[in-house]
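Trainee: Attaching a predicted model along with its sequence, questions to come.
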Amino acid sequence: MSGKCLAIIWDNRQRVYGVRLEKSAAGALVLTQFAEAPESRKSFAERLRSVYDALTESGDELTVLGGAIADLVCVELRLPDLKPQELHEALNYQLRCLLPVEIGDIAYAFRRLPPDEPSRCRLRVEVVPKARLETLFEDIRQSGVRADLLTHPFMAVDPLLADREVFFPDIDPDFSLSRSGDDGLRHINVLELLGERPEEIHLPELVKRNRRKAPDRPVYAAAALLGAYLLSGDLRRNRQTLHLLPDTLRIRRYVGLQRAIIVFLVCNFLLLGGMFWKEFEQSKEQLAALDQEIMTTEALIRKLEKDEAMLKSRHRILDRFCSGVVGEKQLLTFLAKLTECLPNSMWMSSFSNAGGQYTLTINLGKGAPDIMKIIQESLPEYVVKSFLYTPGAEGTAVVNLTLAPQEVTKNGQAEAVPEENANVEAQP
């Protein structure tokens, strides 16, 4: 893999920035060039091309694109330790529970993080509506830029910036990636709810040498973070799952080697074909009959093997998934009921489980019904421990609440948690 890369990034106003990085013999990251799109470039595609042309040297550098992508969601999950190919079924189920969207309307990519529990894996997943991606892909096509990777800077965190809350105000001014919580997972913080602005990431935290004296701005730090991840070994392990770019927008590498291999295989095929042609002509009818029998047998064997592999795969996935969720029946039941009772104008954007209590953030769209009434009617077996209603713009709102199962008395009757133990703020 090349020791040089280009990292091109855009902020939430589609202003484009970029850096060229090299990895020294000692493994240190060196910034050798930076660029910004001039204001004269009217379109986003023109700005992308301008920065790419300013950074590229030989044309063989690894290239990563990233930045602000509308409606992108980044979540961390812990699942049974399945192979990447088998994780998609489990991920589809989890995302249906977490997000108020149809699986067919979104695209997602993920990377495996170092495991912290036996037989379990940690995943960081980025989810984007397909309509948003198609708009971005069209701009990239118009620019003529091709890349090895497209991702959000949050996906490149860990081991880089470990134990840091990560905040890039030029890209996501309203959100940050939290430190690992009590559950061992990072979460997305809504800064309006936190009431404080996290510390920004600085370029020297990622780049040891800054030859071109690039400005110490968070947007350049975000670009350096993507470049550092592109040059790391972790990307090689996650290349098959961490991809949003279609093949038409990817850089085709090792084309000469691929063509040489094809030519070699074709020559060998022709040589072997000539050697056996005479013998084949002499026993043509016999070989034709034998070939037909072989084809029929092979088709039957392939069908049986495919059926057997499918059954084994489903059985293995079911066994591992069931073993991974032992003890989580109450949690899954709660999530299923919550997903069923929430209307389309409400969606959950954050969830955590600690000490048997569930803390969640629910976004209310304009004209959404009374969330408190829905909770009380649809989840009568849970008590609201805390409730915070934060109005937003144009009739929207954000609700943060904590739910806990009702305690059961000795005679078997449900007993609500006393009012003095709840911290409920009335909904306007």
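Mentor: Happy to help now that I have it. No experiment lies behind these values; they were computed from the predicted model shown.

Trainee: Please report how far residue 169 lies from residue 156.
Mentor: 17 Å (C-beta to C-beta, to the nearest Å). (Each C-beta comes from the backbone N, C-alpha and C, glycine too.)

Trainee: When the two are compared, which one has more neighbours?
Mentor: Set side by side, residue 169 and residue 156 show more neighbours around residue 156, with 29 against 19, by other C-beta atoms under 10 Å.

Trainee: And the more buried one, what's its pLDDT?
Mentor: At residue 156, the pLDDT value in this model is 96.

Trainee: What's the separation between it and residue 230?
Mentor: Distance from residue 156 to residue 230, by C-beta to C-beta: 8 Å.

Trainee: ok, now residue 215?
Mentor: 21 Å.

Trainee: These two - which one has more neighbours?
Mentor: Counted by other C-beta under 10 Å, residue 215 and residue 230 do not tie: residue 230 has more neighbours, with 25 against 11.

Trainee: Just checking the distance from stretch 350-368 to the centre of its chain.
Mentor: Here the centre of stretch 350-368 is set off from its chain's centre by 21 Å, with C-alpha atoms, centre = their mean, to the nearest Å.

Trainee: For it, the averaged confidence score.
Mentor: 87.

Trainee: Return the set of buried residues in it.
Mentor: Burial within stretch 350-368, assessed by neighbour count using 16 or more other C-beta atoms under 10 Å, is assigned to 350, 351, 353, 358, 359, 360, 361, 362, 363, 364, 365, 368.

Trainee: where do the helices sit along the stretch 1-150 of the chain?
Mentor: 44-55, 84-98, 130-143 (DSSP state H, counting those that start in this stretch).

Trainee: Now render the ones you listed as CSV, adding distance to residue 291, mean neighbour count and mean pLDDT.
Mentor: Listed next are the helices of the stretch 1-150 of the chain as CSV, based on distance: least, C-beta to C-beta, whole Å; neighbours: other C-beta atoms under 10 Å; pLDDT from 0 to 100:
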stretch, distance to residue 291, mean neighbour count, mean pLDDT
helix 44-55, 53, 20, 95
helix 84-98, 33, 16, 88
helix 130-143, 45, 16, 96
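
Trainee: right, and residue 251 touches residue 150 too?
Mentor: No - counting by C-beta atoms under 8 Å, residue 251 sits too far from residue 150 to count as a contact (11.6 Å).

Trainee: who touches residue 180 in this structure?
Mentor: 163, 186 (C-beta atoms under 8 Å, 6 or more residues apart in numbering).

Trainee: how close does it sit to residue 187?
Mentor: Distance from residue 180 to residue 187, by C-beta to C-beta: 9 Å.

Trainee: what's the distance between residue 64 and residue 28?
Mentor: 19 Å.

Trainee: Which of the two has more residues huddled nearby?
Mentor: residue 64 (27 against 11).

Trainee: Starting from residue 345, give me the distance back to residue 398.
Mentor: 13 Å.

Trainee: any common contacting residues for the two?
Mentor: Counting by C-beta under 8 Å, 6+ apart, the residues touching both residue 398 and residue 345 are residue 364.

Trainee: which of those two has more neighbours?
Mentor: When residue 398 and residue 345 are compared for neighbours, residue 398 comes out ahead with 18 against 14, by other C-beta under 10 Å.

Trainee: Are we agreed that the more buried one is in a strand?
Mentor: Yes - the assignment for residue 398 by DSSP: H, G, I helix; E, B strand; the rest coil puts it in a strand.

Trainee: Leaving out chain neighbours, which residue sits closest to it?
Mentor: Spatial nearest neighbour of residue 398, chain neighbours left out: residue 390 (4.6 Å); criterion: C-beta to C-beta, 6 or more residues apart in numbering.

Trainee: correct me, but that neighbour touches residue 192?
Mentor: Yes - if you go by C-beta under 8 Å, residue 390 and residue 192 touch, sitting 7.2 Å apart.

Trainee: Between the two, which has more neighbouring residues?
Mentor: Between residue 390 and residue 192, counted using other C-beta under 10 Å, residue 390 has the larger neighbour count: 15 against 11.

Trainee: roughly how far apart are the more buried one and residue 375?
Mentor: Distance, residue 390 to residue 375, by C-beta to C-beta: 17 Å.

Trainee: I'd like to know which of the helices of the stretch 1-150 of the chain lies nearest to residue 238.
Mentor: Closest to residue 238 of the helices of the stretch 1-150 of the chain, according to C-beta to C-beta: helix 84-98, at 8.4 Å.

Trainee: for the closest one, packing partners?
Mentor: strand 73-80, strand 106-113, strand 120-129, helix 284-324, helix 329-341 (3 or more C-beta pairs under 8 Å, 6 or more residues apart in numbering; DSSP states H and E).

Trainee: and stretch 108-118, which residues are buried?
Mentor: Result for stretch 108-118 [16+ other C-beta under 10 Å]: buried residues 108, 109, 110, 111, 112, 113.

Trainee: Give me the distance between the third one and residue 277.
Mentor: Spelled out, it's residue 110. In this view, residue 110 and residue 277 are 51 Å apart by C-beta to C-beta.

Trainee: Over to the fourth one?
Mentor: When C-beta to C-beta is applied, the distance between residue 111 and residue 277 equals 51 Å.

Trainee: Find the nearest non-adjacent residue to residue 4, please.
Mentor: residue 61 (4.6 Å).

Trainee: List the contacts of the one you found.
Mentor: 2, 4, 5, 6, 20.

Trainee: Tell me which residue of this protein is furthest from the middle?
Mentor: Farthest-out residue of the chain from its mean C-alpha position, per C-alpha atoms, centre = their mean: residue 282, at 59.4 Å.

Trainee: returning to that earlier point: dump the helices and strands packed on helix 84-98 into JSON lines; add mean pLDDT as well.
Mentor: Formatted as JSON lines, the helices and strands packed on helix 84-98 follow (pLDDT from 0 to 100):
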{"stretch": "strand 73-80", "mean pLDDT": "94"}
{"stretch": "strand 106-113", "mean pLDDT": "94"}
{"stretch": "strand 120-129", "mean pLDDT": "94"}
{"stretch": "helix 284-324", "mean pLDDT": "78"}
{"stretch": "helix 329-341", "mean pLDDT": "81"}
